[in-house]
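1. okay, here's the prediction I keep looking at, along with the sequence it came from:
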There are 2 protein chains.
Amino acid sequence: MEELTIFTPATVANVSCAFDVLGFALDNVGDEMTFKKTDNKGVKIKMLGNSNLPTEPDKNVAGVVAMEMLKKANADFGILIEIDKKIKPGSGIGSSAASSAGAAYGVNKFLGNIFNKIELVQFAMLGEKLASGIAHADNVAPAIFGGFALVRSYSPLDIIKINSPEKLFCTVIHPQIEVKTENARKILKKDVLLKDAVEQWGNVAGLISGLHSQDYELIGRSLQDKIVEPVRSVLIPLFLKVKQAFLEAGALGGGISGSGPSIFSLSKGLETAEKVAEAMKKVYSQTGIDFDIHVSRINSVGIKEI
Amino acid sequence: MEELTIFTPATVANVSCAFDVLGFALDNVGDEMTFKKTDNKGVKIKMLGNSNLPTEPDKNVAGVVAMEMLKKANADFGILIEIDKKIKPGSGIGSSAASSAGAAYGVNKFLGNIFNKIELVQFAMLGEKLASGIAHADNVAPAIFGGFALVRSYSPLDIIKINSPEKLFCTVIHPQIEVKTENARKILKKDVLLKDAVEQWGNVAGLISGLHSQDYELIGRSLQDKIVEPVRSVLIPLFLKVKQAFLEAGALGGGISGSGPSIFSLSKGLETAEKVAEAMKKVYSQTGIDFDIHVSRINSVGIKEI
C-alpha cells in the first residue's frame, strides 16, 4: 500500500449519565486524513486548510501515535500524514480523538493490520494524553469501533461495542466559545452522594438496556445526569434553554458533549433531529455567539476508507 | 375463582456493582402460597409449618399488601392466605419480598387482573416497607417480572425486565447468622469518590450489556463492587474465602445477596454452579455456622401458578 485516505469521525463522549465510560461516533461529521508511505523513516505531518495545529510530529496528536506504532513495529519506512481538519479543536466532539484514532487506523493498514482494535485504542490514547494530559478512551474508542463504545475498565482496557438503534440520530450544537477540558475537570467535586451515584447507575443501566433493546423511550428516560451536568453546565451559556428547546422539539434527551462547550441531543428519526437543530439554532441566534450545528446518524463502523 | 396456589420465588437483589437497582429471581427456591376466597370481607393469614411470623394481617407483609389491594378495588369479598414459608426470614434472598409479591399476584387474580405488573410492584413495596422500613423494589420486581429486573427510577417507578441468558445459574449460600438490614444500611458511607462511582457504573453498564448479549465472560468481568461490598462484607464471616472459593471453582462472579448474610455467585451452566456449591460448602464446613445452599437456574417468568 502506497496511499490511503480515510474519514475519521467526530465523537460524543460522556453521554449524559454515562460520564467517563461511554461515547458514540457521528456519521457525517469528521476529518479526512491521507497517509503516504515514505522511504525515509519517521513521521511527517501536513495540515491542510488554515489550521494552526503544530506539525512537529512529537507535538501533533496524530504524530505521536504514528511514531509510537512505527517504532513498536520496527518499520523500515516512514509515513506522511495529511490532515484536513474539519472538526474544530476545543469543540467537545473529539477533535483530537479523530486525529489520534485516524492515525492509529491508518498506520496499522501500512503495517499489515498487525494490531487489533483494542491495541489501536491504546495507541490512540497517546494522542489524547498529549492533547489533554489524560489518556482517556471514551472518544477514540467509538471512533475506532463505531456505534456506542463502552469503556468498562482501563486496567485492563476493556471496550464493549454496542450497536446503535437504527433510527437514532444526533444533533450537536457547537457554540464557539472556549471551555478548557482542564477547567471542566477541575470544577467537578471529588465526592458524590451515594444516593445520587445509585440514581446515576440506574440511569446508566437503563441507557445500556435501551440501546440493546432499541427502546427509544427508555433511552430518553435514562438520559439524566445528576452529577456532572449540574456542575459543568454553568460553563456553557444558555445550556438550560438549549436543553429545554431540544426536549420541546421532541428529542429523547441529551446533555453536554464531552466536557463541552458542544451540546448534543439524541432523537428518533432524522425529521425530529432536524427539528431539534432548528430549535437549538433559535436559542443561540438570540446571542452574539457564533455556532455550528450538525445533524447525523450514529456511525455504525467508525473510521471509513474513502 | 375460589382457590389459587402459587410458587413465589426467592430473589437476589443488588447483584454486586448494581447496588439498589437490580435483582433477579430464582427458579427452584421460593415459598408456596394458597389463596381462598371468603364471603367475609378482609384478609386472614395462616402460616403453615413452624413459622413464627405474625398472622395479624396488618403485621404480616402479605396481609398489608392484600388489604390495600382489596380496599383499592372496593372488593365485596375477603381472602384467606396460607403461606408455606420455605425461604428463611433474614436470609437476604428476599423472604419478605416473596410473600409481598406473592400476595400482590394472588389477590390480583381474584380481582380479575385489574392491576398491571408495575402496580403489583407498587403494592408489594408496602410489604417491603413493613418488613424493613424502606419500600424498596429490587426484590419484589424480579419476583413479579422474572429474569433480571432493573429499577431505573422510583419516581416515577420504572422497572425494566432483562431476560437472563439461558445458561446462567445461581449458587447461593445462606449462613445462618443474623445481619440486620438496618445495620447493613447504617454502615454504608453517605459519600463515595466520584472516580469509584464512575468505575462502578462502568461495571453496571458492562453487566447490563453482558446480560443482553449473553456474553458470560463480560458478565463475570463486570461483577465488581468497589463501593458496597468492601464495607458490608465484614459483617459476613469468611466472605472473602467464599468468594475466592467460588471464583476458583469457575464461577463468573458474585457478591453479597441483598444486604446479606447470603452470598450469591453466577455461573455458566449447571455443572459449574454445582461445583461452586461444593466449594462454598467446604469453606463453611470448617466453621460451626449452619448453612443452606441453593443451586438454581434464573427464573424467567417470576411467580408461577401450581
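-> Received the coordinates, thanks. Numbering: from 1, shown residues only, chains lettered A, B, ... in the order given.

2. any idea which helix or strand of chain A has the worst average confidence?
-> helix A:181-186 (a mean of 81; mean pLDDT, DSSP states H and E).

3. what does that one contact?
-> Applying Cβ atoms under 8 Å, 6 or more residues apart in numbering or on different chains, the external contacts of helix A:181-186 come out as A:132-134, A:232, A:235, A:258-260. All C-beta spots, glycine's among them, are computed from the backbone N, C-alpha and C.

4. what are the buried residues along the next helix or strand after that helix?
-> Per DSSP states H and E, the first helix or strand lying C-terminal to helix A:181-186 is strand A:191-193. Under the neighbour-count criterion of 16 or more other Cβ atoms under 10 Å in any protein chain shown, strand A:191-193 has A:192-193 buried.

5. just stretch A:85-101 next, same as before
-> Under the neighbour-count criterion of 16+ other Cβ under 10 Å, stretch A:85-101 has A:85-87, A:90-101 buried.

6. what about that stretch, average pLDDT?
-> Across stretch A:85-101, the average pLDDT comes to 94.

7. export it as CSV, just CAs?
-> Coordinates of each C-alpha in stretch A:85-101 appear next as CSV, following Å, rounded to 0.1, in the frame of the first residue of the first chain:
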residue,chain,number,x,y,z
LYS,A,85,-9.2,19.1,10.0
LYS,A,86,-12.9,19.8,9.7
ILE,A,87,-13.7,19.3,13.4
LYS,A,88,-12.7,22.4,15.3
PRO,A,89,-10.3,21.9,18.1
GLY,A,90,-11.9,22.5,21.5
SER,A,91,-15.4,21.8,20.3
GLY,A,92,-16.0,18.9,22.7
ILE,A,93,-16.8,16.5,19.9
GLY,A,94,-13.5,14.7,19.8
SER,A,95,-11.3,16.7,17.6
SER,A,96,-8.0,15.4,18.9
ALA,A,97,-9.6,11.9,19.1
ALA,A,98,-10.4,11.9,15.4
SER,A,99,-6.8,12.6,14.5
SER,A,100,-5.4,10.2,17.1
ALA,A,101,-7.7,7.3,16.2
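
8. not counting sequence-adjacent ones, nearest residue to A:Glu199?
-> Distances taken as Cβ to Cβ, 6 or more residues apart in numbering or on different chains put A:Lys226 closest to A:Glu199, at 5.7 Å, once the chain neighbours are dropped.

9. quick check, that neighbour in contact with A:Val198.
-> No - under the criterion of Cβ atoms under 8 Å, A:Lys226 is not in contact with A:Val198, lying 10.2 Å apart.

10. between those two, who's got more neighbours?
-> Taking other Cβ atoms under 10 Å in any protein chain shown, A:Lys226 and A:Val198 do not tie; A:Val198 has more neighbours (22 against 16).

11. off-centre distance for stretch A:102-112?
-> Its chain's C-alpha centre and that of stretch A:102-112 lie 19 Å apart, by Cα atoms, centre = their mean, to the nearest Å.

12. I should have written stretch A:126-140 there, sorry.
-> Offset of stretch A:126-140 from its chain centre (Cα atoms, centre = their mean): 11 Å.

13. repeat for stretch A:39-51
-> Relative to its parent chain, stretch A:39-51 has a centroid offset of 23 Å by Cα atoms, centre = their mean.

14. first-to-last residue distance for it?
-> Its first and final residues considered, stretch A:39-51 spans 27 Å by Cα to Cα, to the nearest Å.

15. and it, what's buried?
-> For stretch A:39-51, a neighbour-count test (16+ other Cβ under 10 Å) marks A:42-45, A:47 as buried.

16. this completes my enquiry, with thanks.
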